[in-house]
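Enquirer: Fold the following and give me the result.
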Amino acid sequence: MDDLIFLGIESSCDDTAAAVVTGDRRILSSVASSQTDLHADFGGVVPEIAARAHAERLDLAVEQALDQAGLALSDLSGIAVTAGPGLIGGVMSGVMCAKGLAAGSGLPLVGVNHLAGHALTPRLTDGIDFPYLMLLVSGGHCQFLRVDGPDDFTRMGGTIDDAPGEAFDKIAKLLALSQPGGPAVQAEAALGDAKRIPLPRPLLDRPGCDMSFSGLKTAVLRQRDALIADQGGLRQADRRDLCAAFQSAVSDVLAEKSRRALTDSPVPVLAVAGGVAANTQIRAALEQVAAEAGARFLAPPLALCTDNGAMIAWAGIERFRQGHRDDMTLAARPRWPLDRHAQPMLGSGKKGAKA
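Expert: Got it, this is the predicted structure:
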């Protein structure tokens, strides 16, 4: 089935994306429209604004993706779309767009878990075999997954509170840096002294692969306030040192937990995906851990670390090969755990497990 050609649609957060991918792992096109400017004044993503922007941009993104690929809808084998988890308004926009395209063209429709898109990206970029260990680390998610198949994920650990990307954004806000916080904090950290200001490494004193970043964020806040009280303000050097100390703490936690995950479940590959995977210090630390464990380290190109349509198209192809099809009853889901047998880490609500 290498002759498959899928359109992938992604709209789970603040990037409107579409891409065309083939069954033999060729990315024929990949289009992404950022909403950073729309949310800049609010210090974070506003769900209602994001949903409206997706509704306005999705058809344009699909048209551009098809044009770049030199294809028409009739040339496709199917349509894959993020059906969750994510901001429900954005997910609904994508699902409704995909349903309309599928109904009008008669093409098969495949709903995809956004997290599976990230987790299966190494299969798209490098064609690796199962099983492998995936560290999914982004603004909304952080978990270790043993990947044994396109729909076979075992969660080995994850964050019990804030995701690292969320923590980066909040630290940037605390220090009056621009959003998104990850690139801004990394730029300041490169000029700072990571050893000047002591910060904790949460949960390293406990066994297992679970993580916590909320207390680390609070520790940065207290250090910032102490500096302001002592000096009557925050100097540029203080800001840089705080960023460097925070980034090093996150890197140390992720590295040690990755070491434990590889020990608990030895596999030939440690892969990392998600927006935080673009952080160079974190990548370097994880690469060293993999080398020490005798595993190959694999990180997708930066453009495929963040949310994109290509990963959704590929995950759709993987599910399609397994015989999966959806119809017009496909529903948008704000929550959709990959490991359906694991206990929810952040509790449950009326709509299901939160993580």
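Enquirer: List the neighbouring strands of the helix or strand hosting I79 plus their orientation.
Expert: Assigned by DSSP states H and E, I79 falls within strand 78-84. Using DSSP bridges, the strands paired with strand 78-84 in its sheet are strand 5-10 (parallel), strand 109-113 (parallel).
Enquirer: right, and the helix or strand after it?
Expert: Using DSSP H and E, the helix or strand that directly follows strand 78-84 along the chain is helix 88-105.
Enquirer: Helix, strand, or coil at the closest residue to I282 other than its chain neighbours?
Expert: For I282, ignoring the flanking residues on the chain, the nearest one in space by CB to CB, 6 or more residues apart in numbering is S251 at 4.9 Å. Just so you know, the C-beta spots here come from the backbone N, C-alpha and C atoms, and that holds for glycine as well. Classification of S251 using DSSP: H, G, I helix; E, B strand; the rest coil returns helix.
Enquirer: One more: F153?
Expert: Secondary structure, three-state DSSP: F153 is strand.
Enquirer: on that earlier part again, any idea which of the strands paired with strand 78-84 gets closest to P183?
Expert: strand 5-10 (20.3 Å; CB to CB).
Enquirer: Neighbours of R206, how many?
Expert: Applying other CB atoms under 10 Å, we find 8 residues neighbouring R206.
Enquirer: One more: M211?
Expert: A count of neighbours around M211, defined by other CB under 10 Å, yields 27.
Enquirer: And for P198?
Expert: With other CB under 10 Å as criterion, P198 counts 9.
Enquirer: And the closest residue to V276 other than its chain neighbours, its phi and psi?
Expert: Using CB to CB, 6+ apart and skipping residues adjacent in sequence, the residue nearest V276 is V137, 4.3 Å away. In terms of degrees, to the nearest 10, the main-chain angles of V137 are phi -140, psi 110.
Enquirer: circling back to that earlier point, pick the most deeply packed of the strands paired with strand 78-84.
Expert: strand 5-10 (a mean of 28; mean count of other CB atoms under 10 Å).
Enquirer: Run the chain-centre distance for it.
Expert: 18 Å (CA atoms, centre = their mean, to the nearest Å).
Enquirer: Now do the helices in the stretch 151-300 of the chain.
Expert: For the stretch 151-300 of the chain, the helices defined by DSSP state H, counting those that start in this stretch cover 164-174, 181-189, 214-231, 236-264, 280-292.
Enquirer: and these, which is most packed in?
Expert: Note that of these, helix 164-174 is the most buried (mean count of other CB under 10 Å), with a mean of 23.
Enquirer: what does stretch 37-53 rub up against?
Expert: Stretch 37-53 has contacts (CB atoms under 8 Å, 6 or more residues apart in numbering) with 13-14, 16, 35, 87-90, 92-93, 169, 173, 178-179.
Enquirer: buried subset of the residues you listed?
Expert: Those of these that meet the buried threshold are 13-14, 16, 35, 87-90, 92-93, 169, 179, by 16 or more other CB atoms under 10 Å.
Enquirer: any chance of the residues you listed in CSV, with distance to C243 and pLDDT too?
Expert: Listed next are the buried ones among the contacts of stretch 37-53 as CSV, based on distance: CB to CB, whole Å; pLDDT from 0 to 100:
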residue, distance to C243, pLDDT
C13, 24, 85
D14, 23, 85
T16, 30, 94
Q35, 25, 74
L87, 27, 91
I88, 33, 94
G89, 32, 94
G90, 30, 93
M92, 36, 96
S93, 35, 96
D169, 13, 91
Q179, 14, 82
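Enquirer: want to try TSV for those residues, with distance to D129 as columns?
Expert: Converted to TSV, the buried ones among the contacts of stretch 37-53 look like this (distance: CB to CB, whole Å):
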residue	distance to D129
C13	30
D14	34
T16	33
Q35	36
L87	34
I88	35
G89	38
G90	33
M92	35
S93	35
D169	35
Q179	38
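Enquirer: Number of residues surrounding the nearest residue to G208 once chain neighbours are set aside?
Expert: Of all residues not flanking G208 in the chain, G157 sits nearest, at 5.8 Å (CB to CB, 6+ apart). For G157, the tally of surrounding residues (other CB under 10 Å) stands at 22.
Enquirer: For the remainder of this discussion, apply numbering that starts at 31.
Expert: Sure thing, new numbering starts at 31, so read that last one as G187.
Enquirer: what sits opposite G187 in the beta ladder?
Expert: According to DSSP bridges, beta-bridge pairing links G187 with F174.
Enquirer: what residue ranges in the stretch 281-385 of the chain score low on pLDDT?
Expert: For the stretch 281-385 of the chain, applying pLDDT under 70 flags the ranges 374-385.
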